[in-house]
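J.: All I have is the shape, not the residue letters:
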Ligand SMILES: Cc1cc2nc3c(=O)[nH]c(=O)nc-3n(C[C@H](O)[C@H](O)[C@H](O)COP(=O)(O)OP(=O)(O)OC[C@H]3O[C@@H](n4cnc5c(N)ncnc54)[C@H](O)[C@@H]3O)c2cc1C
């Protein structure tokens, strides 16, 4: 369990500190300053890392150029993440939506509805707001936040030089928490390849009649349609591999048009998502003597479950441990030991879940087998590790077979979205 995240909780934040800052406003003096740790990127990963380090007495600096409110629509967070990071409780006590239904729909339209026990919910929120919460928590603990875009990074006499339009800063250690298009990653190694990326297009919509979470697999695509209830609105989006993305947006527009009598889109979003195809990707190193990559920049995402927030936070927590101990190489051993195996399994099993016939069969069987429906839910909601889900599936196979053939329960098939 984490050294940091469960030991401390930030106070509730009433006012967002970081949004009061403007580029160039933070001591943009003439002197080049040297810091121990500069984190490029103040997304969920960078902000949480800043918080963890500041909480331990370090004075990290976070650079981020994001304009608040222009990204991240529809965050869904697994129960695994909620269990692991007690810090999230503080945020969720301020803002979240929850429900106890999750709908999984097969490529041909067969639907199975999972209902959780009363103490377990599907939780969604705007990741942007979680981001602000974490950044403010970090700033309150002593982390320095500079709201500027890093435009260049290079190494000189053993130190990093980090340039924005307003200043040049020196750092002993640089952390790339700058997301999928990471500039730090491009500087220290190779950028994520096209094959290792997926893309999502979506809208925030009003008028979605049922408040619910939906994942629908598509007939002619390896990706899926995802709908998240966000309270006052819903987020609807299509996700597929980047190399398979032709026509993706048009397809989503047709779906929206078909539902236009009830759906009113009011904001578009699009995003690149790391989704490494090959298990060997996770054998690569994410650190060097004086650099470290974390979160999306490191490709730490489980594409099967879509649970990236968990790995962004987890990555940050382990990076903080390595930085505090003073041995950056430790980060590689830590993440490989704690979640590397899970990401490798996700990459290895990816082909299996791109097989539409298999999905069709599983979802059809889950319509009449509560045991299978529960197992599928644990898997797709990222609540259980892949190995454990597989083990449970094999142990329960006779029961699943019995339920889906002999004891077939009527009444689970409903109209699809
Ligand atoms: C639309 C959308 C929906 C999503 N839905 C979910 C979901 O339901 N569940 C889930 O678990 N995850 C979801 N995610 C993914 C999740 O939000 C990210 O994977 C996760 O936040 C990764 O965090 P990160 O900090 O590593 O990267 P990011 O959140 O991408 O943060 C990177 C930060 O770096 C900053 N940056 C980049 N370049 C520079 C630069 N040169 N200088 C300064 N700053 C820079 C950016 O402004 C950004 O703030 C979603 C993402 C999007 C975009």
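T.: It's in. Please read all numbers here as calculations on a predicted model, not as lab measurements.
J.: Next, find the distance separating the residue most central in space within the chain from the ligand.
T.: By CA atoms, centre = their mean, the chain has its centre lying nearest to residue 308, at 2.0 Å. Distance, residue 308 to the ligand, by CB to the nearest ligand atom, to the nearest Å: 3 Å. Just so you know, the C-beta spots here come from the backbone N, C-alpha and C atoms, and that holds for glycine as well.
J.: Ignoring the adjacent residues along the chain, who's closest to that residue?
T.: Take residue 308 and drop its neighbours on the chain: the residue closest to it by CB to CB, 6 or more residues apart in numbering is residue 301, 4.4 Å away.
J.: I'd guessed the one you found sits against residue 311; true?
T.: Yes: at 5.8 Å, residue 301 counts as touching residue 311 under the criterion of CB atoms under 8 Å.
J.: Quick check: neighbours shared by those two?
T.: Counting by CB atoms under 8 Å, 6 or more residues apart in numbering, the shared contacts of residue 301 and residue 311 are residue 343.
J.: who in the stretch 151-300 of the chain is up against the ligand?
T.: 177, 178, 179, 183, 269, 271, 295, 296, 297 (CB under 6 Å from any ligand atom).
J.: For the ligand, what's its nearest residue on the stretch 151-300 of the chain.
T.: For the stretch 151-300 of the chain, the nearest residue to the ligand under the criterion CB to the nearest ligand atom is residue 295, separated by 2.3 Å.
J.: what's around that residue, how many residues?
T.: 32 (other CB atoms under 10 Å).
J.: got the contact list for it?
T.: 41, 43, 44, 45, 46, 177, 179, 308, 311, 312, 315, 316.
J.: May I see the residues you listed organised as CSV, with pLDDT and distance to residue 359 added?
T.: Listed next are these as CSV, based on pLDDT from 0 to 100; distance: CB to CB, whole Å:
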residue, pLDDT, distance to residue 359
41, 96, 35
43, 92, 31
44, 92, 30
45, 96, 31
46, 97, 35
177, 97, 34
179, 94, 30
308, 84, 22
311, 93, 24
312, 94, 27
315, 97, 29
316, 98, 33
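J.: Out of these, which sit inside helices?
T.: 44, 45, 46, 308, 311, 312, 315, 316 (DSSP state H).
J.: Following the chain onward from the host helix or strand of residue 202, which element is next?
T.: Taking DSSP states H and E as the definition, residue 202 sits inside strand 197-206. Counting by DSSP H and E, the next helix or strand C-terminal to strand 197-206 is strand 213-217.
J.: who touches that following strand?
T.: 76, 99, 101-107, 122, 124, 224-229, 356, 359, 380, 416-417.
J.: for residue 251, helix, strand, or coil?
T.: Secondary structure assignment for residue 251 (DSSP: H, G, I helix; E, B strand; the rest coil): helix.
J.: pLDDT value on it, please?
T.: Note on residue 251: pLDDT of 92.
J.: Provide a list of residues in contact with it.
T.: By CB under 8 Å, 6+ apart, the contact set of residue 251 is 218, 221, 238.
J.: can you pick the most crowded of the residues you listed?
T.: residue 238 (24 neighbours).
J.: Next, it: secondary structure please.
T.: Once three-state DSSP is applied, residue 238 turns out strand.
J.: Not including adjacent chain positions, what is the nearest residue to it?
T.: Excluding the flanking residues, the one nearest residue 238 by CB to CB, 6+ apart is residue 252, at 4.5 Å.
J.: quick one: the one you found and residue 205 touch, right?
T.: No: between residue 252 and residue 205 there is no contact, the gap being 11.0 Å when judged by CB under 8 Å.
J.: shared neighbours, those two?
T.: Going by CB under 8 Å, 6+ apart, residues that sit against residue 252 and also against residue 205 are residue 236.
J.: wait, doesn't residue 66 sit right on residue 44?
T.: No: Residue 66 is beyond contact range of residue 44, at 11.5 Å (criterion: CB under 8 Å).
J.: okay, these two: which has more neighbours?
T.: The residue with more neighbours, out of residue 66 and residue 44, is residue 44; 29 against 19, by other CB under 10 Å.
J.: wait, what's in contact with the more buried one?
T.: Contacts of residue 44 by CB under 8 Å, 6+ apart are 127, 130, 131, 134, 295, 309, 312, 313, 316.
J.: Quick check, the first one in contact with residue 309.
T.: Yes: when contacts are counted by CB under 8 Å, residue 127 is listed as touching residue 309 (6.7 Å).
J.: So these two - more neighbours on which side?
T.: Taking other CB under 10 Å, residue 127 and residue 309 do not tie; residue 309 has more neighbours (26 against 20).
J.: residue contacts, the closest residue in space to the more buried one that isn't next to it in sequence?
T.: Distance criterion CB to CB, 6+ apart; nearest residue to residue 309, sequence neighbours excluded, is residue 77 at 5.4 Å. Applying CB under 8 Å, 6+ apart to residue 77 gives the contacts 88, 123, 124, 125, 307, 309, 310.
J.: how deep is the third one tucked in, by neighbour count?
T.: Put plainly, it is residue 124. 21.
J.: Backbone torsions only: list them for it.
T.: Main-chain torsions, residue 124, degrees, to the nearest 10: phi -130, psi 160.
J.: Return the per-residue confidence for it.
T.: pLDDT, residue 124: 70.
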